[in-house]
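Asks: with the sequence up front, the predicted model follows.
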Amino acid sequence: MVSSNPRYPSRPPGAPGTGWVFALAFVVILVPGIVVDALLAWVGVPIGPAALLGLLAVFVGLGFFPTVLRRLGWVPARKRRS
C-alpha cells in the first residue's frame, strides 16, 4: 500500500517492500555461503576450510548486494561527479 501519511516516505505502487529486500539479501548473501560449505563438505574437505570458504562466499555476496539492488532498480544509482 502507498502511504498517505506525510511523516512516512511513500513508495511508488509496485515497488518492492522491505520483506522483498530481506528475501533478496537471504538469496544473494546467505544461500551461496551455505551451498559452498555444503558442497565442500560433501566432497570431503574438512569442516574448518569448508566453513571458511563458505564465509568467503558470504563476504563476496555482501559485496555484490548493493550492485544487485541498483541493477534491479530498488535503489537509485549514485550520482557521478562532473
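Replies: Perfect, I can see it now. What you see is a predicted model; the values in this text were computed from it and never measured.
Asks: for the protein, which helix is longest?
Replies: helix 47-72 (DSSP state H).
Asks: return the distance of it from the chain's centre.
Replies: In terms of Cα atoms, centre = their mean, to the nearest Å, the centre of helix 47-72 is found 9 Å from the chain centre.
Asks: that one - contacts with which helices or strands?
Replies: Counting by 3 or more Cβ pairs under 8 Å, 6 or more residues apart in numbering; DSSP states H and E, the packing neighbours recorded for helix 47-72 are helix 18-25, helix 31-43. C-beta: built from backbone N, CA, C; applies to glycine.
Asks: for residue 54, which of those helices is the nearest?
Replies: Nearest of the helices and strands packed on helix 47-72 to residue 54, taken as Cβ to Cβ: helix 31-43 at 3.2 Å.
Asks: re the thing from before, of all the helices and strands packed on helix 47-72, which one comes closest to residue 52?
Replies: helix 31-43 (9.2 Å).
Asks: output the below-cut-off pLDDT ranges for the protein.
Replies: 1-15, 82 (pLDDT under 70).
Asks: burial count for the nearest residue to residue 69 once chain neighbours are set aside?
Replies: Once flanking residues are discounted, residue 69 sits nearest to residue 75: 4.3 Å by Cβ to Cβ, 6 or more residues apart in numbering. When neighbours are defined as other Cβ atoms under 10 Å, residue 75 has 13 of them.
Asks: likewise for residue 30?
Replies: 14.
Asks: and for residue 53?
Replies: Neighbours of residue 53 (other Cβ under 10 Å): 16.
Asks: can you give me the distance of it to residue 33?
Replies: 9 Å (Cβ to Cβ, to the nearest Å).
Asks: residue 23 too?
Replies: Applying Cβ to Cβ to residue 23 and residue 33 gives a distance of 16 Å.
Asks: who has more neighbours, the two?
Replies: The residue with more neighbours, out of residue 23 and residue 33, is residue 33; 20 against 12, by other Cβ under 10 Å.
Asks: that one against residue 62, yeah?
Replies: No - using Cβ atoms under 8 Å, residue 33 is not in contact with residue 62, being 9.7 Å away.
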